[in-house]
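[1] Predicted model and sequence below, questions to follow.
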Amino acid sequence: MLLNLILSAWLFCVPDSTQELANVEVHVLEQNRTRLASPDAFNLLPAKDIQAVHGNSFTAALNTQPGVRLEERSPGSYRVAIRGSSLRAPFGVRNVKIYWNNIPFTDAGNNSYLAILEPDMMDQLVILKGPSGGIYGAGTGGSMLFQGPNLNGKKLEHQEMGNSLGGYKQSWDIQYAGNRVYASFWQQPGARDWSAMKKQLISHEYQRTIGQNGLLLLTSYYTDLAYQTPGGLTLAQFKAKPFQARPVAGAFLSSADQQATFKLKSYGTGFYLQNSWNGNWGYNLANSIQVNQIENPTIRNYEIRHEPNFSSRAVIHYRQNKSAIDFGYEFQIGQFDSQTFGNRRGVKDTLQLTQNTNIQSANLFAQWDYQINKNWNSTISLSANGYWTQYIGNETNLTPRIAVVRKLGDRQRLVFKVASGYSPPSIAEMRPSTGIINTSLKAEKGWNKEISWRGNYSILDWDLNLYQFDLSETIVVRRAADGSDYFVNAGGTTQQGIELGYRIQIAKNIQLRNSESIQNFRFNNYQTGTKDYIGNRLTGTSPFQHASILQWDLHPKLIWTTQFLYTDQLYLNDANSEILPSSRVWNSRIQFKQKHWEIWFAAENLFDELYVSGPDLNAVGNRFYNAAPGRFFQTGLKIKIN
């Protein structure tokens, strides 16, 4: 396959003026970069790709990207794995830094509530893969940079959508005089028993230019989200009745009996300021506040959490001839207060535990880009990271990064990169659902070595990445006898991977995009008691993933998109004794556009595959299985006034 790509690139591709995604310039790692020439591997999704199939979930879009896996155990319950396992996240998004309009969205406790955001809010998503040397704070998984639209016009847009599962969503998007108000309501019964979701969101964005090059961007939101958590099933339960919620098990009542639900009320506000002093010097500054109020009755207990956070980030830029220098800081502080009660069929019972703590994280970073000559560019960065909690105390680390880019003509690049990564435990890992605080948990640390080959031609572009990430003190989830989770450092892992994303312009109006991910992720130093897991595959990973998207413009106003997702078998526990079978999922959507309205129809899981999108890893009693929806249909109507 790779040989065919090479031959196609050299024999059939001729330059043209078409601007493909490889040449779109985006602001990433404090520089304006194209995907072709970037020293770091990243995926770029414009709005049309974020919403290519699914209008109210990021799942279909993200799972088409090489090296990226978004799991959805039930509506609203997301987990993200970028070049790795979601082993650290029984629920929620951890070890992946998220930014929205250049403002930190991940809280000081290293948690990101991705379910707050809506796909049709975003104009662009950049996914950085692997450690970035601390430019985006501590983390080894990667970063997700969401960006809203430019607010330089007038717009009134209303959307209604529904699906055959009983779901309904409506949204309003109003833009005027540099302001944007987005509001949506979404409710979804869910395919499984006890998996309904209800969400209300309103956000405001304000954009204003300052002088010739300055920009002020304000972002605020409020979300009220609640989704039921049906719980995992055993294989026998899954085969007998795959869409049931977790039933009664011994002394534990069912998910429905205990009214197991995750309820989140979240408010955030912040600003991003970008300006320049002269032609050489500039700066940007972002400050934000986020408050999360969580109420979470589970099968075992009833937890109330209050989590206010403050984030600040500033960078100074210097540009001179062949050099570009950036240096800055990011600081986050959060108060994480938790009360755990007994759960008496969905009603708070006796107070069992109160755990309050403060978390602070900070990093200082510097980056130097230098053009050595017309064919060679280099990037060097270094960050000093600190993390402090009342549970563990202070932990510091230095994370360097160095990369060189070799230009092969105007349309190909070779990239060689070495970067260090550092990821401290999140608040949910130090204070897990067992209620026992882990004061000995250490941060993950590792080194990533990577080679990339990229090309961009009129009928073909590609991005090939080969990497090895050696991680020490890997954090993994374990389960207590009652099913609660706790976390330990599992020694080391070696994560070797190959990622290939490529686009073929079959005809002027037909485009095929494919992605392949090969992952050989293994424990290399992991023993617990008498059990030896050395050489086992990393829990929650799949050796191979493939995605294809075929987009056919049948008419300038009629677009048909078909998507195919293949996921190889996945390892469900550290012993590799339980394996989730491979899955094949087809999705399709047809869209008809007019100047002031559009309508679309979609079919998801077209061939009614019975599969699991987000399993529970290392689950007690082997309750790994959370069935994804079977075949269902969606339709939507959008009315636009510009």
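    Happy to help now that I have it. Just so we're clear, the structure is a prediction, and the values are computed from it rather than from any experiment. Numbers count the residues shown, from 1 in each chain.
[2] CA only for contacts and neighbour counts going forward, please
    Will do.
[3] Mind jotting down where the strands sit in the stretch 501-642 of the chain?
    In the stretch 501-642 of the chain, the segments counted as strands under DSSP state E, counting those that start in this stretch are 510-525, 527-528, 531-532, 544-555, 558-567, 570-571, 579-580, 583-593, 597-604, 632-641.
[4] most packed of the ones you listed?
    Among the strands of the stretch 501-642 of the chain, strand 570-571 has the highest mean neighbour count (mean count of other CA atoms under 10 Å), at a mean of 23.
[5] Show me what that one is packed against.
    The helices and strands touching strand 570-571, judged by 3 or more CA pairs under 8 Å, 6 or more residues apart in numbering; DSSP states H and E, are strand 579-580.
[6] Partner strands of the strand it packs on, with direction?
    With DSSP bridges as the test, strand 579-580 is paired with strand 570-571 (antiparallel).
[7] Make a markdown table from the strands of the stretch 501-642 of the chain and add distance to N448 to it.
    Formatted as a markdown table, those follow (distance: least, CA to CA, whole Å):
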| stretch | distance to N448 |
| --- | --- |
| strand 510-525 | 13 |
| strand 527-528 | 24 |
| strand 531-532 | 25 |
| strand 544-555 | 20 |
| strand 558-567 | 24 |
| strand 570-571 | 23 |
| strand 579-580 | 28 |
| strand 583-593 | 30 |
| strand 597-604 | 36 |
| strand 632-641 | 41 |
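[8] want to throw those strands into a markdown table with mean pLDDT and distance to E25?
    What follows is these, written out as a markdown table (pLDDT from 0 to 100; distance: least, CA to CA, whole Å):
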| stretch | mean pLDDT | distance to E25 |
| --- | --- | --- |
| strand 510-525 | 96 | 20 |
| strand 527-528 | 80 | 46 |
| strand 531-532 | 90 | 48 |
| strand 544-555 | 96 | 23 |
| strand 558-567 | 97 | 26 |
| strand 570-571 | 96 | 36 |
| strand 579-580 | 98 | 40 |
| strand 583-593 | 97 | 27 |
| strand 597-604 | 96 | 29 |
| strand 632-641 | 95 | 28 |
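[9] Which one of these lies nearest to Q170?
    With CA to CA as the criterion, Q170 lies closest to strand 632-641 of the strands of the stretch 501-642 of the chain, at 9.4 Å.
[10] So for L441, which of the strands of the stretch 501-642 of the chain sits nearest?
    If we rank the strands of the stretch 501-642 of the chain by CA to CA, the stretch that ends up nearest is strand 527-528, at 15.2 Å.
[11] Tell me if I'm right that N23 and T34 touch.
    Yes. Counting by CA atoms under 8 Å, N23 touches T34, with 5.2 Å between them.
[12] Give me the sheet partners of whichever strand or helix holds Q339 and which way each runs.
    Using DSSP states H and E, Q339 maps to strand 323-344. If you go by DSSP bridges, strand 323-344 pairs up with strand 302-320 (antiparallel), strand 347-371 (antiparallel).
[13] Reformat these as CSV; add mean pLDDT, mean neighbour count and distance to F632.
    As requested, the strands paired with strand 323-344 are exported to CSV (pLDDT from 0 to 100; neighbours: other CA atoms under 10 Å; distance: least, CA to CA, whole Å):
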stretch, mean pLDDT, mean neighbour count, distance to F632
strand 302-320, 97, 19, 34
strand 347-371, 95, 18, 34
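[14] could I get those strands as a markdown table with distance to G282?
    What follows is the strands paired with strand 323-344, written out as a markdown table (distance: least, CA to CA, whole Å):
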| stretch | distance to G282 |
| --- | --- |
| strand 302-320 | 5 |
| strand 347-371 | 15 |
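[15] can you tell which of the strands of the stretch 501-642 of the chain is closest to I392?
    Closest approach to I392 among the strands of the stretch 501-642 of the chain (CA to CA): strand 527-528, 22.3 Å.
[16] And the closest one, how far out from the chain middle?
    30 Å (CA atoms, centre = their mean, to the nearest Å).
[17] if we compare the strands paired with strand 323-344, which one ends up closest to R478?
    In terms of CA to CA, the element of the strands paired with strand 323-344 nearest to R478 is strand 302-320, at 20.0 Å.
[18] Just the CA trace of the closest one, in CSV.
    C-alpha atoms of strand 302-320 as CSV (Å, rounded to 0.1, in the frame of the first residue of the first chain):
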residue,chain,number,x,y,z
TYR,A,302,-23.8,9.4,46.2
GLU,A,303,-21.1,12.0,45.6
ILE,A,304,-21.3,15.8,45.6
ARG,A,305,-18.4,17.8,44.2
HIS,A,306,-17.7,21.5,43.9
GLU,A,307,-14.7,22.5,41.7
PRO,A,308,-13.9,26.2,41.1
ASN,A,309,-10.8,26.7,38.9
PHE,A,310,-8.7,29.6,37.6
SER,A,311,-6.3,29.5,34.6
SER,A,312,-3.8,32.0,33.3
ARG,A,313,-1.6,31.8,30.3
ALA,A,314,0.7,34.3,28.7
VAL,A,315,3.3,34.2,25.9
ILE,A,316,5.7,36.7,24.5
HIS,A,317,6.8,36.3,20.8
TYR,A,318,9.9,37.6,19.0
ARG,A,319,10.4,37.4,15.3
GLN,A,320,13.6,38.3,13.5
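[19] Can you give the distance of it from its chain's centre?
    18 Å.
[20] circling back to that earlier point, between N23 and T34, who's got more neighbours?
    Legend: neighbour count by other CA atoms under 10 Å for N23 and T34, higher for T34 (18 against 15).
[21] Could you tell me which residues make contact with the more buried one?
    Counting by CA atoms under 8 Å, 6 or more residues apart in numbering, T34 touches 22-26.
[22] which residues in the protein form helices?
    Under the criterion DSSP state H, helices of the chain are mapped to 2-12, 47-50, 59-62, 235-240, 427-430.
[23] end to end, how far does stretch 36-54 reach?
    Terminal residues of stretch 36-54 are spaced 28 Å apart (CA to CA, to the nearest Å).
[24] Quick one: low-confidence residue ranges for this protein.
    Along the chain, the parts satisfying pLDDT under 70 run over 1-20, 22, 85, 90-91, 481-483.
[25] try it again with 50
    Scanning the chain for pLDDT under 50 picks out the ranges 1-19.
[26] Apart from its neighbours in sequence, what residue is nearest the residue nearest to the spatial centre of it?
    The structure's the chain has its C-alpha centroid closest to V80; by CA atoms, centre = their mean the separation is 4.8 Å. In space, and not counting its chain neighbours, V80 is closest to L70: 4.6 Å by CA to CA, 6 or more residues apart in numbering.
[27] Number of residues surrounding that neighbour?
    For L70, the neighbour count with other CA under 10 Å is 22.
[28] repeat for the one 4 residues further on
    When counting by other CA under 10 Å, one arrives at 25 neighbours for S74.
[29] How about the contacts made by it?
    Going by CA under 8 Å, 6+ apart, S74 touches 190, 195, 229-230, 626, 628.
[30] redo that, cut-off 10 Å
    By CA atoms under 10 Å, 6 or more residues apart in numbering, the contact set of S74 is 190-192, 194-197, 227-231, 613-614, 626-629.
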